[in-house]
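A.B. asks: Next come a sequence and a model predicted from it.
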Amino acid sequence: MLHAEIEKKEPWNSKNVPYCFHNKLYVRLWYLTKRLNRLFPMKRAFVILTLSMALITQQTNAQKIYHTNGGEIIFSGANVNFNGVDVNTNIRFTLFFHVQHFFNLDLTDNLGLFTGFGIRNVGLIMEDHFQNLGYVDVGTDHPDYNKSTKIKHRSYSLGFPLAAKIGSFSKNFFVYAGGEYEWMFHYKQKKFIDGEKYKMKGWT
């Protein structure tokens, strides 16, 4: 169940959440956060494998096991199209809150594995006329029709990576490849209509 905290009389229902056409799929942007929370069997297996890897690293030879931390600087954007209209989007820059912790297992000096977890702040910014931002049933008689509107979408995700790495670890030179499952656990939207601000947010 998604619980929402609403400000400025912004009711949490489908009419206030835009439909957008992105990569040929209509998606309710806020509902995407909730749906990504559902673990299908393959994704569940991936998370279990990742957590198992983390436990194994605690029980293996300590000389081959070590922990590392990291962070990210993220520039994000999107190509958004609604009813054949390209919606203007802005590049979104985030530095906070991005935290990563990794468990590294070096099998040899040239081959290793790592897993762990991380938190990311991801989203997109759309700015256009109100009727172009994905809202349904918006005619010329709508009170916000043709008004300058900006919507900021933000989700926090918890990621579980699993990857293999090859190179020369003693020389701190290596490359890696793998995958990561991300669970979107919190969504927030800020909407500005002719400068007036509305907010909604909720946990999944």
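C.D. replies: Yep, it's here.
A.B. asks: Can you list the low-confidence ranges for the chain?
C.D. replies: Within the chain, the stretches with pLDDT under 70 are 1-63.
A.B. asks: what are the ranges of the helices in it?
C.D. replies: Ranges of helices in the chain, per DSSP state H, are 29-35, 41-59.
A.B. asks: what bridges to Val85?
C.D. replies: Using DSSP bridges, the bridge partners assigned to Val85 are Phe82.
A.B. asks: now Ile151
C.D. replies: The partner residues for Ile151, given DSSP bridges, come to Met126, Lys191.
A.B. asks: And Tyr176, by the same measure?
C.D. replies: Counting by DSSP bridges, Tyr176 is bridged to Lys165.
A.B. asks: Confirm for me that it is in contact with Ala163.
C.D. replies: Yes - if you go by Cβ atoms under 8 Å, Tyr176 and Ala163 touch, sitting 4.7 Å apart. Backbone N, C-alpha and C define where each C-beta goes, glycine included.
A.B. asks: hey, what's in contact with both of these two?
C.D. replies: Counting by Cβ atoms under 8 Å, 6 or more residues apart in numbering, the contacts common to Tyr176 and Ala163 are Phe114.
A.B. asks: and stretch 141-155, which residues are buried?
C.D. replies: For stretch 141-155, burial by neighbour count (16 or more other Cβ atoms under 10 Å) applies to Asp144, Thr149, Lys150, Ile151, Lys152, His153, Arg154, Ser155.
A.B. asks: so which of these comes closest to Tyr135?
C.D. replies: Nearest to Tyr135 out of the buried residues of stretch 141-155 is Asp144 (Cβ to Cβ; 8.4 Å).
A.B. asks: In contact with that closest one, which residues?
C.D. replies: Per Cβ under 8 Å, 6+ apart, neighbours of Asp144: Phe130, Val138, Ile193.
A.B. asks: How much space separates the nearest residue to Gly139 once chain neighbours are set aside from Phe130?
C.D. replies: Nearest residue to Gly139, sequence neighbours excluded (Cβ to Cβ, 6 or more residues apart in numbering): Tyr145, at 7.0 Å. Distance, Tyr145 to Phe130, using Cβ to Cβ, to the nearest Å: 6 Å.
A.B. asks: Check Phe117 too.
C.D. replies: Distance, Phe117 to Phe130, using Cβ to Cβ: 39 Å.
A.B. asks: So if I had to pick from those two, which one is more boxed in?
C.D. replies: Between Phe117 and Phe130, counting by other Cβ atoms under 10 Å, Phe130 is the more crowded of the two (21 against 17).
A.B. asks: State the distance from that one to Leu124.
C.D. replies: 17 Å.
A.B. asks: again, but for Ile74
C.D. replies: Using Cβ to Cβ, one obtains 11 Å as the distance from Ile74 to Leu124.
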